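Asks: The following block contains a protein sequence and its predicted model.
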Amino acid sequence: MAPQRSVKQEVKPTPTPTPALFDGNTKPARVVYWHRTDLRLTDSPALSTALSIPHIEAFWPIWCFDPEYVYKHRVGLNRWSFLLESMKVISEEYGKLNSKQRLWVFRGRPELVLKKVWKEWGITHLVYEKDSNAYSRIRDQRIRDLASECGVQIIEVHGRHLYDPAEVGKLNSNKPTMTLHQWQSITNKMGPVGRPNQPPERIPDPGDGHLGTEGDEDWGRYEGEDLNAHIRTEVDTCFEHLTGPLVDPFSVPTMSQLGFLPSTTTIRGGTVEAHRRLSLFLSNPTAVATFSKPRSEPTSLEPSTTLLSPYIKFGCVGVREIWWGCKEVIDTWRKKGGKGETKEPENMFGQLQFRDMYACAEACTPHFERIRGNSVCRFIDWSLQNQYDPKSGQEISPRPRSDNEEAEERFEAWREGRTGFPWIDACMRQLKVEGWIHHLARHSVACFLTRGQCYISWERGMEVFDEWLIDWDPASNPGNWMWLSCSAFFSQYFRVYGLVSWPQKTDKTGALVRKYCPELKDYPDKYIYAPHLAPIGVQQKANCIIGEDYPLPMLDEQACKNLCIARIKNAYSLALHGDAPEVLDGSAEEKLRVMHEETGADREKSGAERGEEEREKRRKRSGNESLDGFFKKQKV
Ligand SMILES: Cc1cc2nc3c(=O)[nH]c(=O)nc-3n(C[C@H](O)[C@H](O)[C@H](O)COP(=O)(O)OP(=O)(O)OC[C@H]3O[C@@H](n4cnc5c(N)ncnc54)[C@H](O)[C@@H]3O)c2cc1C
């Protein structure tokens, strides 16, 4: 049971600037506010801090379009378009508060952009929302070093999570928080979640925005591999100038400037849509008070959860707004006699806490996003694990194709939604088209790929989510993949989602399958999740022959499940984590190979073998076993 917060505790406001921070600030301040994944004006402790700097003479809210992000990180079309829309919306919001204002977009590496801007615009302060993930930590250290060289005061303000993950980590002796209960026990001592800051009523003017063009073409230079080349079908002109096209300087890039075709998602970006969704959720107090994640429906066509995650990811809505919005609605509902309130972890507070828990775990765990070197990740000898150069410890790139052809083929079929299991295929196709799927749909596909049936490394599945999810998060994505693969956070590997029975629990008619696998749309309900079982006459009537128009199941669900369980059982008994010497030197894999051979977990069993096993079990349960038990009891 989650520890309850004391009602006597006073609600701490979200950290606001202490006067000491601005002590001695008597000179006019020229402030750059650097928006990163906080594309909102509401509930922004960092923006409030920036605006409270005394004597602001000039203020620029900026965005740096970083080529490292554009080329070096796999990002699908839907996430790109969501980001660009969110940038446009906040730029318009600035314009509404002050017609001279906008989001000032630069196209170049942050350290180069900031150095130039600091110098040419005479900047005194740089303020931004603090982020704790591995990439941000490295980038921000570079920025801090640079700022101290240039005499610019840097102000980092936490605001992305309910509690600063770095602070929670410190209170946990720099150890990752591996259960919600553990996270709750620590944050209980930190006081309640802060109240959301009010949005600004006005924004100061910017200064003269003139910038010299010297070295312009170099700001966006990137010489590594373009990981998004496969979706870049048009000419990429994004980085031709530091401030974008000369006719419209500082503008938000368009999809076509990035060389992309339009996205496919129906999920629109920006803070206006984020608040519309939040208000919609809060408008039904009973639904808020009785929200239960396990009881939400992964099969429904309309999202049965809030669908706020893309907005949280890009900071279009603040987490404290959601937290306090729910809290106030529930308090009023309770006063009016509402009953049956759900508790953590299944309620909405629990959902937001899970996000924080993963962020704290990531902040304290080197290599959280992979198996090798990851101290919290159990070692399981999955197929298609990432390969590392033993000397440099770097991942081998480009990735060699594994000689495990069957696993490669299964992985491709999973990714493309053609496994022959309609529930899995529908979820994967929805993910690709929309950039979002329900949490329990994520459970299903992740379980299937890893411990459920395919025994393929969670790293590979995580990468697909990395690319396709709009809400991709560097802590929640690997964290949840480790959970689902029973590599960390969760260990009940024998509990596997049924590929027919599970979706049938919430929808016997297969609406999601009919939408995303239209070739199956005319199948009767009875066969919608297992069309290969339909008699040929039914297949003909539905105009879809299994094996021709839609694939046969690519594996035997039950046999593969048993094999996975047997192998994971061995891996659990070996009890090694990603940072163990045996994992790093490759000997763990060999040990498991031998264990699998000895326990018969090295291959799928034939029907006859499985039958024999079953009979053996029954024999044990019958007379002989009771006789054994009798003798044992006698001995005792
Ligand atoms: C394999 C796998 C990968 C995932 N990858 C991501 C990811 O990259 N980014 C991401 O935001 N979520 C991820 N999740 C968690 C979860 O599925 C999504 O946050 C959720 O489905 C978003 O939909 P919603 O906003 O309607 O959620 P709601 O149920 O309405 O929850 C509200 C918010 O709580 C947070 N939340 C809820 N559940 C979780 C959770 N298990 N872990 C972390 N935060 C949670 C999210 O910010 C979410 O928006 C992943 C889950 C799985 C199983």
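Replies: Received the coordinates, thanks.
Asks: okay, the residue in the stretch 151-300 of the chain that the ligand sits nearest to: pLDDT?
Replies: As assessed by C-beta to the nearest ligand atom, the ligand sits closest to Lys293 within the stretch 151-300 of the chain, at 5.4 Å. Just so you know, the C-beta spots here come from the backbone N, C-alpha and C atoms, and that holds for glycine as well. With respect to pLDDT, Lys293 has a value of 96.
Asks: What's the local residue count around the closest residue to it other than its chain neighbours?
Replies: Take Lys293 and drop its neighbours on the chain: the residue closest to it by C-beta to C-beta, 6 or more residues apart in numbering is Glu346, 5.2 Å away. Using other C-beta atoms under 10 Å, Glu346 has 16 other residues around it.
Asks: wait, Glu346 sits on Thr290?
Replies: No. Contact criterion C-beta atoms under 8 Å: Glu346 and Thr290 do not qualify, at 9.9 Å.
Asks: just the CA coordinates of stretch 332-339, formatted as CSV?
Replies: Extracted C-alpha coordinates of stretch 332-339, given in CSV (Å, rounded to 0.1, in the frame of the first residue of the first chain):
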residue,chain,number,x,y,z
THR,A,332,-15.0,18.6,-4.7
TRP,A,333,-16.4,15.3,-5.9
ARG,A,334,-15.7,13.8,-2.5
LYS,A,335,-17.3,16.7,-0.7
LYS,A,336,-20.4,16.1,-2.8
GLY,A,337,-20.5,12.5,-1.5
GLY,A,338,-18.6,10.8,-4.3
LYS,A,339,-17.6,7.2,-3.4
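Asks: and Ala407, what element?
Replies: Taking DSSP states H and E as the criterion, Ala407 maps to helix 405-416.
Asks: mind checking how far that helix is from the chain centre?
Replies: 22 Å (C-alpha atoms, centre = their mean, to the nearest Å).
Asks: Is any residue of it near the ligand?
Replies: No. Judged by C-beta under 6 Å from any ligand atom, helix 405-416 and the ligand are separated, with a smallest distance of 12.8 Å.
Asks: What parts of the chain come near the ligand?
Replies: 293, 303, 305-309, 312-313, 351-352, 354-355, 358, 438-439, 442-443, 446, 465, 469, 471-473, 476-477, 480-481, 484.
Asks: Show the buried residues in those.
Replies: Taking 16 or more other C-beta atoms under 10 Å as the criterion, what is buried in these is 293, 303, 305-309, 312-313, 351-352, 354-355, 358, 438-439, 442-443, 446, 465, 469, 471-473, 476-477, 480-481, 484.
Asks: Filter the residues you listed down to the ones in strands?
Replies: Among those, DSSP state E puts none in strands.
Asks: Check what pLDDT Gly633 gets.
Replies: Quick fix: residue 633 reads Lys, not Gly. pLDDT, Lys633: 39.
Asks: nope, Val636 is what I was after
Replies: 31.
Asks: same thing with Thr271?
Replies: 98.
Asks: Please tell me how far it sits from Asp208.
Replies: 28 Å (C-beta to C-beta, to the nearest Å).
Asks: So between these two, which is more surrounded?
Replies: Taking other C-beta under 10 Å, Thr271 and Asp208 do not tie; Thr271 has more neighbours (23 against 9).
Asks: Quick check: that one touching Asp43?
Replies: No. With contact defined as C-beta under 8 Å, Thr271 does not reach Asp43; the gap is 10.2 Å.
Asks: Let me know the next secondary structure element after the lengthiest helix in the chain.
Replies: Taking DSSP state H as the criterion, the chain has its longest helix at helix 77-97. Elements were assigned by DSSP H and E; along the chain past helix 77-97, the next helix or strand is strand 104-107.
Asks: Please name every helix or strand in contact with that following strand.
Replies: Packing contacts for strand 104-107, counted by 3 or more C-beta pairs under 8 Å, 6 or more residues apart in numbering; DSSP states H and E, involve strand 56-65.
Asks: In this structure, what helix or strand scores lowest on average pLDDT?
Replies: Within the chain, confidence by mean pLDDT, DSSP states H and E is lowest for helix 623-635 among all helices and strands, at a mean of 40.
Asks: Please state the offset of stretch 404-411 from the chain centre?
Replies: 25 Å.
Asks: and what of stretch 571-582?
Replies: 26 Å.
Asks: Ok, stretch 320-336 next?
Replies: For stretch 320-336, the distance to the chain centre is 26 Å (C-alpha atoms, centre = their mean).
Asks: swap in stretch 318-331?
Replies: For stretch 318-331, the distance to the chain centre is 22 Å (C-alpha atoms, centre = their mean).
Asks: Kindly export it (C-alpha atoms) in PDB.
Replies: What follows is stretch 318-331, C-alpha atoms only, in PDB (Å, rounded to 0.1, in the frame of the first residue of the first chain):
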ATOM      1  CA  GLY A 318       2.700  20.900 -17.000                       C
ATOM      2  CA  VAL A 319       2.600  17.900 -14.800                       C
ATOM      3  CA  ARG A 320       1.600  20.000 -11.800                       C
ATOM      4  CA  GLU A 321      -1.400  21.300 -13.700                       C
ATOM      5  CA  ILE A 322      -2.600  17.800 -14.200                       C
ATOM      6  CA  TRP A 323      -1.800  16.700 -10.600                       C
ATOM      7  CA  TRP A 324      -3.600  19.700  -9.000                       C
ATOM      8  CA  GLY A 325      -6.400  19.700 -11.600                       C
ATOM      9  CA  CYS A 326      -7.200  16.100 -10.600                       C
ATOM     10  CA  LYS A 327      -6.800  16.800  -6.900                       C
ATOM     11  CA  GLU A 328      -9.200  19.700  -6.900                       C
ATOM     12  CA  VAL A 329     -11.800  17.900  -9.000                       C
ATOM     13  CA  ILE A 330     -11.600  14.900  -6.700                       C
ATOM     14  CA  ASP A 331     -11.800  17.000  -3.500                       C
END
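Asks: Any buried residues in that stretch, and which?
Replies: Applying 16+ other C-beta under 10 Å to stretch 318-331 flags Gly318, Val319, Arg320, Glu321, Ile322, Trp323, Trp324, Gly325, Cys326, Lys327, Val329, Ile330 as buried.
Asks: again, but for stretch 514-534
Replies: Result for stretch 514-534 [16+ other C-beta under 10 Å]: buried residues Arg514, Tyr516, Cys517, Glu519, Leu520, Tyr523, Tyr527, Ile528, Tyr529, Ala530, Pro531, Ala534.
Asks: What helices and strands are in contact with the longest helix of the chain?
Replies: strand 56-65, helix 271-282.
Asks: Try it again at 10 Å.
Replies: strand 56-65, strand 104-107, helix 271-282, helix 309-313, helix 422-434, helix 458-468 (3 or more C-beta pairs under 10 Å, 6 or more residues apart in numbering; DSSP states H and E).
Asks: Past the fourth one, which element shows up next along the chain?
Replies: If I follow you right, that is helix 309-313. helix 319-335.
Asks: now that following helix against helix 271-282, angle please.
Replies: 20 degrees (axes from the mean of the first three to the mean of the last three C-alpha atoms, to 10 degrees).
Asks: what separates Ser185 from Ser392, distance-wise?
Replies: Taking C-beta to C-beta, one finds Ser185 at 40 Å from Ser392.
Asks: More neighbours: which of these two?
Replies: More crowded of Ser185 and Ser392, by other C-beta under 10 Å: Ser185, with 15 against 8.
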